[in-house]
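**Q** Need coordinates for the below:
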Amino acid sequence: MPRYTVHVRDEWLTVPCRDPSYTIQWLGLEALKRYTKNKPDNGGIKSVKDTSFAARRCQGQGLLDADDTIEDVLEDNDFVELVIDGDTMSPDFIPSQPGISHLTTTYREPESYILLDGNSLTSTDLVNLGKGLYKIRLTQEAQSKVMQSRELLDTIVKENRVVYGITTGFGKFARTVIPVSKLKELQENLLRSHSAGVGSPLSPERTRMLLALRINVLAKGYSGISLETLHAMIEAFNASCLSFVPEKGTVGASGDLAPLSHLALGLMGEGKMWSPKSGWADAKYVLEAHGLKPISLRPKEGLALINGTQMITSLGAEAVERALAIARQADIVAALTLEVLKGTTKAFDSEIHMLRPHPGQAEVALRFRSLLDSDHHPSEIAESHRFCDRVQDAYTMRCCPQVHGVVIDTINFVKNIINTEINSATDNPMVFSERGETISGGNFHGEYPAKALDYLAIGVHELASISERRIERLCNPSLSELPAFLVNEGGLNSGFMIAHCTAAALVSENKVLCHPSSVDSLSTSAATEDHVSMGGWAARKALRVVEHVEQVLSIELLAACQGIEFLRPLRTTTPLEKVYDLVRTVVKPWIKDRFMSPDIEAVHRLLLDQKVWQVAHPYIQKYHVEHIPESRPESPTAFSLESPTSPRKRIRLDV
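**A** Take a look at the predicted model:
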């Protein structure tokens, strides 16, 4: 018999339906009957049949027509929100994260798996797991290590040994011994009391990353988690049953305690949870709807679930992957701007950059040559000013290899730290089954990823800073030889005037966001945790900075393509024409003023999806292959030339 979960004010009610040809009106009235039945005053509802209400699906918040039949608009075990006329939105309602969630709109249960062993996961893999492209499984070796670790903990409990976090309290209460009969309650209380975060919930994608990363760390076999609990976490991940995790509340030492506690609380069947099927609902109902049971904690398992740097690291993985994507594409955007401004390519001569052999600088110069080399890709625009008297360009064009190059080297540095952190055991105490002991340490301290992500923000911001100056040159007729603000009938039309202001505003915001958070520390837990990393804010800031960089470069790409309109019928190089054509599939030329925000967002989406890189990459790759002698061993060409969609078959399993 089909059944439906209906949210009425402060209660979730399961309503069975013998006949799915009944209407939504019937479902609402049946839910109201059940709601009033348990209320001494009928919940203030005088007559159920005379009560007006609106019904909407929890997934996507789409309104349901009262006259529609249930079978036409709902699926078995669907979730419905009922709002009674005169009420405000249900007090338990959790708004969706701003923006459109990939998992909400396009989620299809994946058929491929990534095998986790605690040692092989990369930031690229983690981001793909967040997007819902894969499920996860444990390797056989990881399962064996987890079981061995758990056996040691069970022995410790059986022998009544006094060990921190297993048979004692936490932090300041480390010397308080807890009776064996209270050890389960100890772990449950830990999760409840530590679920003290605030702010908007992480998006479904970011919560998937957080859960996947925690599973990967537990799979190393140094945390003492039971295999049963770990498998329950994997089942929840594979069903995309995702806990409510507020984005604020971690100081980044003793791990990301608050966010990881919220993550574990939902798995216990408490608090709120989200799935593509249910939207937001009570965790116990979401788990039940997917045939899952709440986890039951054994000694040390609560601590094993929350002690680590996974919030910092998972957000950091997204930040570094997006930084990598926008850094690649920034070179392409800048090359297009240089063409529009009739710049010279002499500054990218390979011999110049051999004399200052920073890897990133050499890589960017090579990329510019691959896009602009007139012998390789004839450009009518370049040919039109071949014999002009200009000797050199402004720094924003001439110095791209030096400025963009250090960004690439920064990303490489940070990516290495994040990938190391992804596969690190960051618990306390550590369980060494082969030594038969547990050891307390400080691997939970988030200083490594915190410092790296502060550095990432400072480094990648420079792409926006130099891009904004190029936008100024495109818009300023005294610098560009183009119409003011890239529009005809200036005065009547303002063109890119305020788009440039938006870029300037974002660059200014970044100047504040680039102030490092990891230089701060506040003593917590009664001075037991007396130095912390503030890594959670470092990660969130880095993500915000990267997003601003993407948006500024979106504006530059729009402006450069608009500049080309005034140089027609002349054509640029083949790869840059392909980029222009791509942009014109989503944004029309600017003939007269119109609503600009959708244009910026459309091009931002192209950059997020790496489509600009994808159309230019084959030409960059071909040029590289044909000019191998000019490459140097110190130039990490694999970093720039690898396809963003290249498979990692070593750990991926298709079924």
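**Q** In this structure residue 136 contacts residue 116, no?
**A** Yes. If you go by C-beta atoms under 8 Å, residue 136 and residue 116 touch, sitting 5.4 Å apart. Placement of C-beta: from N, CA and C, glycine included.
**Q** With neighbour numbers in mind, choose between those two.
**A** residue 116 (27 against 24; other C-beta atoms under 10 Å).
**Q** Look at residue 110 and say how many residues are nearby.
**A** Neighbours around residue 110, by other C-beta under 10 Å: 18.
**Q** what is in contact with residue 136 and residue 116 at once?
**A** 212, 215 (C-beta atoms under 8 Å, 6 or more residues apart in numbering).
**Q** Tell me the predicted confidence for residue 642.
**A** The model reports residue 642 with a pLDDT of 48.
**Q** What of the one 4 residues further on?
**A** At residue 646, the model reports a pLDDT of 44.
**Q** Residue 86 too?
**A** 78.
**Q** need the contact list for it.
**A** With C-beta under 8 Å, 6+ apart, residue 86 has no contacts at all.
**Q** let's number from 52 now, not from 1
**A** With 52 as the first residue, the last one maps to residue 137.
**Q** quick one: which helix or strand includes it?
**A** Under the criterion DSSP states H and E, no helix or strand holds residue 137.
**Q** Return stretch 303-323 as PDB; C-alpha atoms alone will do.
**A** Extracted as PDB, the C-alpha positions of stretch 303-323 are listed here (Å, rounded to 0.1, in the frame of the first residue of the first chain):
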ATOM      1  CA  GLY A 303      39.200  24.100  13.300                       C
ATOM      2  CA  ALA A 304      41.000  22.400  16.100                       C
ATOM      3  CA  SER A 305      39.900  19.300  18.000                       C
ATOM      4  CA  GLY A 306      38.700  19.000  14.500                       C
ATOM      5  CA  ASP A 307      35.500  20.500  12.900                       C
ATOM      6  CA  LEU A 308      33.500  19.300  15.900                       C
ATOM      7  CA  ALA A 309      30.200  21.200  15.400                       C
ATOM      8  CA  PRO A 310      29.700  20.500  11.700                       C
ATOM      9  CA  LEU A 311      30.700  16.900  12.000                       C
ATOM     10  CA  SER A 312      28.400  16.500  15.000                       C
ATOM     11  CA  HIS A 313      25.500  17.700  12.900                       C
ATOM     12  CA  LEU A 314      26.500  15.300  10.200                       C
ATOM     13  CA  ALA A 315      26.500  12.400  12.600                       C
ATOM     14  CA  LEU A 316      23.300  13.500  14.400                       C
ATOM     15  CA  GLY A 317      21.200  13.000  11.300                       C
ATOM     16  CA  LEU A 318      22.700   9.500  10.800                       C
ATOM     17  CA  MET A 319      21.500   8.800  14.400                       C
ATOM     18  CA  GLY A 320      18.000   9.700  13.200                       C
ATOM     19  CA  GLU A 321      17.900  13.000  15.000                       C
ATOM     20  CA  GLY A 322      17.700  16.500  13.700                       C
ATOM     21  CA  LYS A 323      16.900  17.300  10.000                       C
END
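**Q** what comes up buried for that stretch?
**A** 303-323 (16 or more other C-beta atoms under 10 Å).
**Q** So which of those residues are in strands?
**A** residue 323 (DSSP state E).
**Q** In helices only, show me the buried residues of stretch 303-323.
**A** 308, 309, 310, 311, 312, 313, 314, 315, 316, 317, 318 (DSSP state H).
**Q** Return the closest of the residues you listed with respect to residue 547.
**A** Using C-beta to C-beta, residue 310 is the member of those that sits closest to residue 547, with 40.4 Å.
**Q** who's in contact with that closest one?
**A** 248, 253, 261, 296, 297, 298, 300, 301, 362, 587.
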